[in-house]
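Student: With the input below, show me the fold.
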Amino acid sequence: MRKNDARKLDHKTLEQIRIRAVEQVQAGESPEVVIRSLGFNRDCIYDWLARYRVGGWGALKAKPLYGRPKKMTGKQIRWIYDTITMKNALQLKCPYALWTRGMIRQLIAKRFRINLSLVSVGRLLAQLGLTCQKPLFRAYQQNRSLVEQWLKKEFPRIKAQAKRLKATIYFEDEAGVRSDVHSGKTWAVRGQTPIVRVTGARFGMNLISAVSPRGEMKFMVIHGTMAAKQFCEFLRRLIHNARRPIFLIVDGHPTHRAKKVSTFVKSTHGKLRLFFLPPYSPELNPDEFVWNDLKNNGVGRSAIVGPDQMKVTVMSHMRSLQKNSEKIRSFFQAPETKYAA
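Tutor: Here you go, the predicted structure:
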C-alpha cells in the first residue's frame, strides 16, 4: 500500500487524523489495523500514542502543548504492544503464562529502565486498546495445520456430502458431572459470606449427548464407565426411527475407534457414519456447551444432598435443554463453532 506523506497535509487535517486514530485504538481496534487503513508509516501510531500518554488530546494538536518529558517513546510502546499480543509471558521467562500488570511493569523496568506504577501500566494498556480477558486454553499437542485442514477442507466436504444425501449432522461428546461442582453467586449481607449446606460426599454421573445445527439434542445416562458397549447403545438410540442418514462427528477417543463400534456402524448400511475431529481440539465441538450449561446452570447452582436428588436435577436440566432448540442452535454461534452452523 502506498504511504501517505503527512508533510503534504494541513495542520488541521493531520490533527484530526491523529485524534481519530488514537480514539479507534482506545475503542479496541489494533494499532496496526488503524495505521494501515490510514496509509501512514507504522511507527506513526505509536508516536501518537506516546504523545497522548504525556499530554492528552492537546498533545496531538498541530502545535503540541508542552508538558513533562516523555517517559516512553513510540518505539518502546510499539515493542510493548507487540510483546503482549504476540508472545506468551513464559517466553520472556516470566513465572506465569498469563500477562499481569505487575509482570509488564517489571518487563518495562528491566528492558527500558523506566519505573511505572501499576496504575500507569493499566492506563498504558487501556490506551493501547488492550483489556484484561479470560483466556482460552489450547492443548500444546494440538496441530494447527490439522485444524485448518478440518475447517477449510474436511468439514466443508462432510457438509456438502450430508446435503447431497439429505443426512443430519450431529456432534457428540461425553462428560462426567460431580456433586461438588459449584458455580454462580448469591446475595447476602456485606462482609458476611453466605453458606449453602450440601453433602460432603462425592459422587457423580456420566452422560453422553449429541447436538445438531437444527437445534436437536439426544442424550443418555451412562451406567459405569464409558466403553464401546455403552457407545454402541447410544448410537442405536440415535438412529432409531431416524428418517435421514446421520453423520456423527466425534473426537478421537479410543472408544469411538473400537472394533465393536466399527462393526456396528457397518451394520447400519450407510444409515450412520462417523467422522473424527482433529486431535486435542474440543473447542471445535459445539456439544461441549451442553456440559458447560449443565455444570454452570444446572448442577452447579443446586444444593446437592444425595445421589438420587442429583440424578433428578441432572435429568430435569437435560430434558429442559433438549426442548430448547433455540439454545442448542446458539451453541453453534460461538466464534470457534460457527463454522459448523
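
Student: Please name the residues that touch the closest residue to Leu49 other than its chain neighbours.
Tutor: Take Leu49 and drop its neighbours on the chain: the residue closest to it by CB to CB, 6 or more residues apart in numbering is Ile77, 5.5 Å away. C-beta here means a position set from N, CA and C on the backbone, and glycine is covered the same way. Ile77 makes contact with 46, 49-50, 53, 124, 128, according to CB atoms under 8 Å, 6 or more residues apart in numbering.

Student: run the last query once more with 7 Å
Tutor: 46, 49-50 (CB atoms under 7 Å, 6 or more residues apart in numbering).

Student: in which helix or strand would I find it?
Tutor: Counting by DSSP states H and E, the element that carries Ile77 is helix 74-86.

Student: Pull out the buried residues from that helix.
Tutor: Under the neighbour-count criterion of 16 or more other CB atoms under 10 Å, helix 74-86 has 74, 76-81, 83-84 buried.

Student: Now the two most distant members of those.
Tutor: By the measure CB to CB, Gly74 and Ile84 form the most distant pair in the buried residues of helix 74-86, at 16.0 Å.

Student: Give me the contacts around the strand of greatest length in the chain.
Tutor: In terms of residue count, the longest strand belonging to the chain (DSSP state E) is strand 168-178. By CB under 7 Å, 6+ apart, the surrounding residues in contact with strand 168-178 are 162, 202, 204-213, 226, 244, 246-250, 285-288, 291, 294-295, 299, 314, 340.

Student: Give the buried subset of those residues as a ChimeraX selection command.
Tutor: Buried members of the contacts of strand 168-178, defined by 16+ other CB under 10 Å, are picked up in ChimeraX with:
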select :162,204,205,206,207,208,209,210,211,212,213,226,246,247,248,249,250,285,286,287,288,291,294,295,299,314,340
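
Student: Strands - which of the contacts of strand 168-178 land there?
Tutor: Under the assignment DSSP E, the contacts of strand 168-178 contribute 204-211, 246-250 to strands.

Student: between those, which is nearest Glu326?
Tutor: Nearest member of the ones in strands among the contacts of strand 168-178 to Glu326, counting by CB to CB, is Val211, at 12.6 Å.

Student: The closest one against Phe331, yeah?
Tutor: Yes - with contact defined as CB atoms under 7 Å, Val211 reaches Phe331; the gap is 6.2 Å.

Student: tell me, what's touching the two both at once?
Tutor: With contacts taken as CB under 7 Å, 6+ apart, Val211 and Phe331 have Pro286 as neighbours in common.

Student: got any ranges where the chain has weak pLDDT?
Tutor: Residue ranges of the chain with pLDDT under 70: 1-10, 62-70, 136-140, 181-188, 194, 196-201.
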